[in-house]
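Asker: generate coordinates for the sequence data below:
(chains A and B)
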Amino acid sequence: MLALPSENVKIMSVVVKIKEAAVRSIEAIYSVSIKPEQILVNATKPEFEGDYTVVLFAFVKQLKKSPDALGQELGEHIVAQNPNLFTGFNVIKGFLNLSVANQFWLDFIAAQKNNQQYGIQPSNGKKVMVEYSSPNTNKPLHLGHLRNNFLGWSIAEILKANGYEVAKTCIVNDRGIHICKSMIAWQLFGHGATPASTGMKGDHFVGDYYVKFNDAYKVEVAALVASGMEQEHAEKAAPIMKETQQMLLDWEAGKPSVMELWRNMNGWVYEGFDTTYKKIGSDFDKTYYESNTYILGKDLVESGLEKKVFFQKDDSSVWIDLTGDGLDEKLVRRKDGTSVYMTQDIGLAVHKYDEFKADQSIYVVGDEQNYHFKVLKLICQKLGIPAADGIYHLSYGMVELPTGKMKSREGTVVDADDLVDAMVNIAQQKTEELGKVKDFTSEELVELYDTIGLGALKFFLLRVDPKKKMIFNPEESIDFHGFTGPFVQYTHARIKSILRKQEDTVLQNSGTEVLLPLELELTKHLELFPSVLEEAAIEHDPSKVAIYLFELAKTFNGFYTQHSIANAESDEKKSLRIYLSKLTAQVLQRGMSVLGIRVPERM
RNA sequence: GGCUGCGUAGCUCAACUGAAUAGAGUACCUCACUACGGAUGAGGGGGUUUUAGGUUUGAAUCCUAACGCGGUCACCA
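Answerer: This is a model prediction of the structure:
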């Protein structure tokens, strides 16, 4: 959990103000010492009078007062002491409902109406690394990678908005037996074909050879089994597998012909990845390649042995004993002296820390690796590595289909490029049906379809709690109504359209208008934005932002249908509503941008 | 099997980390347009929060157990 330094929390939201006021009053009346965190403040339920509610039960025992008596005393004191903030209170069954002064909200609007940076915090001097995407160079990106990319990118942006300096990194898994499989298959079946000669995207091209390898491998194993060999033995004895294993050895030995093939094929894949990353708006400040990092961490094994954190077995393999921590023994160096995944990750953690000195290093990796990261952090701590405490595994749940898990062997993997294209096509189709942007140039249209199609997809994947596994229903994802990206985008476009027509209006705010219920509701929602961004950063959870934006858009739409902006009751009201509309559009834009989603001026 | 995560409307998700009558979207059924943008708004039905106990003034939330579904327990990464 990311701890925000208390001196930096100066987003004085109403809720924070109420908590502090409550603390002052309780301390003054009862001469006890309490902290703002002990006080629970909720938005008052619509059926009761008031705006915010202090829940009193927590203090009933400590102060030896009945909830009603406590509420009365506290309510009287808090309102008397904060006449600018509160206008009244009522107590119902242990809940102290406070009414906030109309003027407070008008002041809020006046203060923020021209603040282009509303919600954005100044630098707090802290650095964070966010590692995400982690692709393999033997196959193209799929739906799971999309959730990963969108999450990583968004969390980086949310942290930036909260004043952190952020470095986005990517570790590319570009070596190992699986890469050699594609290479062998290309040698056997490629006949010199290239992405250019076939007109294919490089990552798909290489991915196809990975599939071809598995097909050929299956055939060979089946033949061996048919000739009487046992399955397990046949899997090791298949000639194509033996060739592949030899190739891995050749690669590790740096054999020139293998290295050349490897560079070529990886080059094709990277070209394909670049296209996809550009399309989905993902980027990295620094990319690490496992072919460079897989040797890291070897010296750490030595120092770990010296420190007696590690121990050596008779076959000379090196281990760490974590049974005291409720875990198992874990291998950190093979008997042949080569390092394992864990060792590389320790090495990379140290390497990254040396380069960036990040206070926190976030790994956006699926929850199937929970155990690995638990162990990684623990080993780093035992080794006394400075980077250790900053390691944070942002464990996200798998994306499943209504039919179950995605399985490459069963061909149920949803390809990232295909999915993005499909979403963009649907956006085009729906836009054409509505026919509102017939005057757009073809370039503008292409950009608009991208904005909407990708917006729908990103919003769909980001709107659920990252920690939970989610089900991706293709039919639901292409729905542009309700809790969706296009709904938020539409609301933004609509506001912009209205504002365009009011450009010449001379704004005049008397600063004394009385807010109508729907105006007040919208204002309250707008006031929440900085706290939502802060909470999203603390929780590493973009879904908080997505949910907030949807509710804000909904609130605006409700306000909009009831109150005319252009034909407001008075010039003052008109100005006020224009301010609210502008601020809403700005918050929608800013909020969507930290999710990696653009909002159109028209759609 | 050990460890670990999850189980909330038909479906997809919320619930401020223990508070008022568990909320949204979707689907289904009504209603409102010659609109400052209908990719909209208003309303309706739909829940014993898997089950059984326990703690508490108060439990979807914490504890115990059962059932169900995942993940992980590789000298793969």
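Asker: now stretch A:435-451: buried residues?
Answerer: Buried residues in stretch A:435-451, defined by neighbour count with 16 or more other C-beta atoms under 10 Å: A:448-451. Bear in mind the C-beta positions are built from the backbone N, C-alpha and C, glycine included.
Asker: outside of that stretch, which residues touch it?
Answerer: With contact meaning C-beta atoms under 8 Å, 6 or more residues apart in numbering, stretch A:435-451 is reached by A:279, A:424-425, A:427-428, A:431, A:489, A:597-600, A:602-603.
Asker: want to throw those into TSV with distance to RNA strand B?
Answerer: Below are those laid out as TSV (distance: C-beta to the nearest atom of the strand, whole Å):
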residue	distance to RNA strand B
A:279	19
A:424	11
A:425	12
A:427	6
A:428	9
A:431	4
A:489	7
A:597	13
A:598	13
A:599	11
A:600	7
A:602	4
A:603	4
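Asker: just the buried ones among these, please.
Answerer: A:424, A:427-428, A:431, A:489, A:597-600, A:603.
Asker: quick one: mean pLDDT for stretch A:64-81?
Answerer: For stretch A:64-81, the mean per-residue pLDDT is 91.
Asker: which is the next helix or strand following the helix or strand hosting residue A:538?
Answerer: Assigning secondary structure by DSSP states H and E places residue A:538 in helix A:517-539. Using DSSP H and E, the helix or strand that follows helix A:517-539 in sequence is helix A:543-562.
Asker: doesn't residue A:251 make contact with residue A:175?
Answerer: Yes: Residue A:175 is within contact range of residue A:251, at 7.0 Å (criterion: C-beta atoms under 8 Å).
Asker: helix or strand for the residue of the stretch 451-600 of chain A found nearest RNA strand B, which one?
Answerer: Per C-beta to the nearest atom of the strand, residue A:482 is where the stretch 451-600 of chain A lies closest to RNA strand B, at 2.0 Å. Using DSSP H and E, residue A:482 sits within no helix or strand.
Asker: number of residues surrounding it?
Answerer: By other C-beta atoms under 10 Å, the residues close to residue A:482 number 10.
Asker: does RNA strand B sit close to stretch A:75-87?
Answerer: No: on the criterion C-beta under 7 Å from any atom of the strand, stretch A:75-87 is out of touch with RNA strand B, staying 12.5 Å away.
Asker: can you give me the end-to-end span of that stretch?
Answerer: One end of stretch A:75-87 to the other measures 11 Å (C-alpha to C-alpha, to the nearest Å).
Asker: over to stretch A:229-248?
Answerer: Using C-alpha to C-alpha, the gap from the first to the last residue of stretch A:229-248 comes to 25 Å.
Asker: got the contact list for that stretch?
Answerer: With contact meaning C-beta under 8 Å, 6+ apart, stretch A:229-248 is reached by A:176-177, A:180-181, A:183-184, A:188, A:213, A:216-217, A:220-221, A:224-225, A:258.
Asker: cutoff 6 Å now
Answerer: Contact partners of stretch A:229-248, identified using C-beta atoms under 6 Å, 6 or more residues apart in numbering, comprise A:177, A:180-181, A:184, A:216-217, A:220-221, A:224-225, A:258.
Asker: right, is it up against RNA strand B?
Answerer: No: using C-beta under 7 Å from any atom of the strand, stretch A:229-248 stays clear of RNA strand B, coming no nearer than 9.7 Å.
Asker: buried sites along that stretch?
Answerer: Applying 16+ other C-beta under 10 Å to stretch A:229-248 flags A:229, A:234-235, A:238, A:240-241, A:244, A:247-248 as buried.
Asker: cool, and stretch A:376-396?
Answerer: By 16+ other C-beta under 10 Å, the buried positions in stretch A:376-396 come out as A:376-380, A:382-383, A:385, A:387-388, A:390-396.
Asker: narrow those to those in helices?
Answerer: The helices, defined by DSSP state H, take in A:376-380, A:382 from the buried residues of stretch A:376-396.
Asker: now for those residues: which two are most distant?
Answerer: Farthest-apart pair in those is A:376 and A:382; separation 11.1 Å (C-beta to C-beta).
Asker: hmm, back to that, farthest-apart pair in the contacts of stretch A:229-248, please.
Answerer: A:225 and A:258 (30.0 Å).
Asker: the more surrounded of the two?
Answerer: Between residue A:225 and residue A:258, counted using other C-beta under 10 Å, residue A:258 has the larger neighbour count: 20 against 15.
Asker: three-state assignment of that one?
Answerer: Under DSSP: H, G, I helix; E, B strand; the rest coil, residue A:258 falls in the helix class.
Asker: which element is the residue minimising distance to the centre of chain A on?
Answerer: Geometric centre of chain A, nearest residue: residue A:151, 2.6 Å, by C-alpha atoms, centre = their mean. In the assignment (DSSP H and E), residue A:151 maps to helix A:143-161.
Asker: ok, residues contacting the helix or strand that that helix is followed by?
Answerer: Using DSSP H and E, the helix or strand that follows helix A:143-161 in sequence is strand A:165-172. The contact list for strand A:165-172 (C-beta under 6 Å, 6+ apart) reads A:127-131, A:133-134, A:156, A:159-160, A:284-289, A:356.
Asker: how much space between residue A:378 and residue A:427?
Answerer: 46 Å (C-beta to C-beta, to the nearest Å).
Asker: quick check, nearest of the buried residues of stretch A:229-248 to RNA strand B?
Answerer: The shortest approach to RNA strand B among the buried residues of stretch A:229-248 belongs to residue A:248, at 9.7 Å (C-beta to the nearest atom of the strand).
Asker: state the helix or strand in which that closest one lies.
Answerer: Per DSSP H and E: helix A:239-252 holds residue A:248.
Asker: quick check, nearest of the ones in helices among the buried residues of stretch A:376-396 to residue A:25?
Answerer: residue A:377 (42.9 Å).
Asker: which parts of the stretch 351-500 of chain A are strands?
Answerer: With DSSP state E, counting those that start in this stretch as the criterion, the stretch 351-500 of chain A has strands at A:360-366, A:391-396, A:399-400, A:470-471.
Asker: enumerate the residues of the stretch 101-250 of chain A near RNA strand B.
Answerer: By the rule C-beta under 7 Å from any atom of the strand, the part of the stretch 101-250 of chain A lying against RNA strand B is A:173, A:176-177.
Asker: in contact with residue A:576, which residues?
Answerer: Contacts of residue A:576 by C-beta under 6 Å, 6+ apart are residue A:513.
Asker: so it sits in a helix?
Answerer: Yes: counting by three-state DSSP, residue A:576 is part of a helix.
Asker: give the buried residues for the worst-scoring helix or strand of chain A on mean pLDDT.
Answerer: Within chain A, no helix or strand scores below helix A:57-63, which has a mean of 83 by mean pLDDT, DSSP states H and E. Counting neighbours by 16+ other C-beta under 10 Å, one finds that the buried residues in helix A:57-63 are A:59-60, A:63.
Asker: got a list of contacts for that helix?
Answerer: A:30, A:67, A:94.
Asker: how close does the residue lying closest to the first one once chain neighbours are set aside get to RNA strand B?
Answerer: The spatially closest residue to residue A:30, leaving aside those adjacent along the chain, is residue A:63, at 5.4 Å (C-beta to C-beta, 6 or more residues apart in numbering). In this view, residue A:63 and RNA strand B are 13 Å apart by C-beta to the nearest atom of the strand, to the nearest Å.
Asker: where does chain A dip in pLDDT?
Answerer: Within chain A, the stretches with pLDDT under 70 are A:1-11.
Asker: residue ranges of each domain in it, please.
Answerer: Using automatic domain parsing, the domain ranges for chain A come out as A:6-100, A:176-287.
Asker: looking at it, residue A:400 is touching residue A:468, isn't it?
Answerer: No: using C-beta atoms under 6 Å, residue A:400 is not in contact with residue A:468; the gap is 11.0 Å.
Asker: compare these two (neighbour count), which wins?
Answerer: More neighbours surround residue A:400 than the other of residue A:400 and residue A:468, with 17 against 11 (other C-beta under 10 Å).
Asker: which non-adjacent residue is nearest that one?
Answerer: In space, and not counting its chain neighbours, residue A:400 is closest to residue A:471: 5.2 Å by C-beta to C-beta, 6+ apart.
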